[in-house]
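>>> how would this look folded up:
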Amino acid sequence: MTTVWRERARALPELLRELGRTARAALRREGPRAEAALRHAQQHAVAGDPDSVLAELDRFGREQRFLMNVGDEKGLVLDDLVRSVGAGARILELGCYCGYSAIRMARLLGPAGRVTSLEVSEPSVRVARAMCELAGVADRVEILHGSASARIPTLRGPFDLVFLDHWKDLYTADLQCIEAARLLRPGSLVVADNVGPLFGADAYLGYVRDCGRYESRTVRAHVEYQDRLEDWVEISTWHGP
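I've put the predicted structure just below:
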């Protein structure tokens, strides 16, 4: 059995638990999970307080329904990286979902800093924009609807940090698109979530580790809101072509 399938077999109990949660939510007519998470945050978080919004999303993800965002454990890794590039950083995010990571990054930026987030799902764009408004960071976050491959060539760089958290099989191609559009500067960080053994990200890891244009390191953690499933964050520093 390959490492990927072994890890997926280990994840089966968590998957079955999540299927049960999803079934209960359907019976209760709670709607799509991102929209349910927004309602939860609106009901329980303190408006204008990004940490309160993040805490309620973490609580929703652990106690109610799984949320495919970076989560609280790996979020601390992301926090440190955002602090390292500075309060005035320009950040590009691929995959916004419910707005969790956009809020997490934007709350550490000053007035000159900005998060540009690309999201292909229109419902997720609506939820993420509302979530950023609730958290009080909408002035530092721009959420653009559309595929990364279509949007990337329209952007102006450079970006100090790029956060990849969308479809894993697009990581390599979209990073290459970012390179081709010259959106990186020497020293720019490329941070990829969900590249652990469960996700089969070998092609991406091989690219950033072996292409000669990055210095890359791995941080080991766990899948968001799952304490027993291993996951990795890959942090790659761009050195140029």
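>>> how far does stretch 174-192 stretch from start to finish?
12 Å (Cα to Cα, to the nearest Å).
>>> And that stretch, how far out from the chain middle?
Distance of stretch 174-192 from its chain centroid, counting by Cα atoms, centre = their mean, to the nearest Å, is 16 Å.
>>> do stretch 125-134 as well
Here stretch 125-134 shows a centroid-to-chain-centroid distance of 15 Å under the convention Cα atoms, centre = their mean.
>>> what's the model's confidence in that stretch, averaged?
Average pLDDT, stretch 125-134: 98.
>>> Strands along the protein, start to end?
90-94, 114-119, 141-145, 159-164, 184-192, 214-222, 230-238 (DSSP state E).
>>> Out of the ones you listed, the one nearest G48 is which?
Nearest of those to G48, taken as Cβ to Cβ: strand 141-145 at 14.3 Å. To be clear about C-beta, it is placed using only N, CA and C from the backbone, and glycine gets the same treatment.
>>> What is the closest one packed up against?
Here strand 141-145 touches helix 100-106, strand 114-119, helix 122-135, going by 3 or more Cβ pairs under 8 Å, 6 or more residues apart in numbering; DSSP states H and E.
>>> returning to what we had before: just send the strands of the chain back as a markdown table, with mean neighbour count and mean pLDDT too.
Formatted as a markdown table, the strands of the chain follow (neighbours: other Cβ atoms under 10 Å; pLDDT from 0 to 100):
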| stretch | mean neighbour count | mean pLDDT |
| --- | --- | --- |
| strand 90-94 | 26 | 98 |
| strand 114-119 | 24 | 98 |
| strand 141-145 | 18 | 98 |
| strand 159-164 | 25 | 98 |
| strand 184-192 | 20 | 98 |
| strand 214-222 | 15 | 97 |
| strand 230-238 | 21 | 97 |
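>>> Next, format those as TSV and append distance to R62.
Below are those laid out as TSV (distance: least, Cβ to Cβ, whole Å):
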stretch	distance to R62
strand 90-94	23
strand 114-119	24
strand 141-145	24
strand 159-164	22
strand 184-192	23
strand 214-222	12
strand 230-238	15
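>>> Pull the distance from stretch 191-206 to the chain's centre.
Using Cα atoms, centre = their mean, the offset of stretch 191-206 from its chain centre is 13 Å.
>>> With stretch 123-133 instead?
14 Å.
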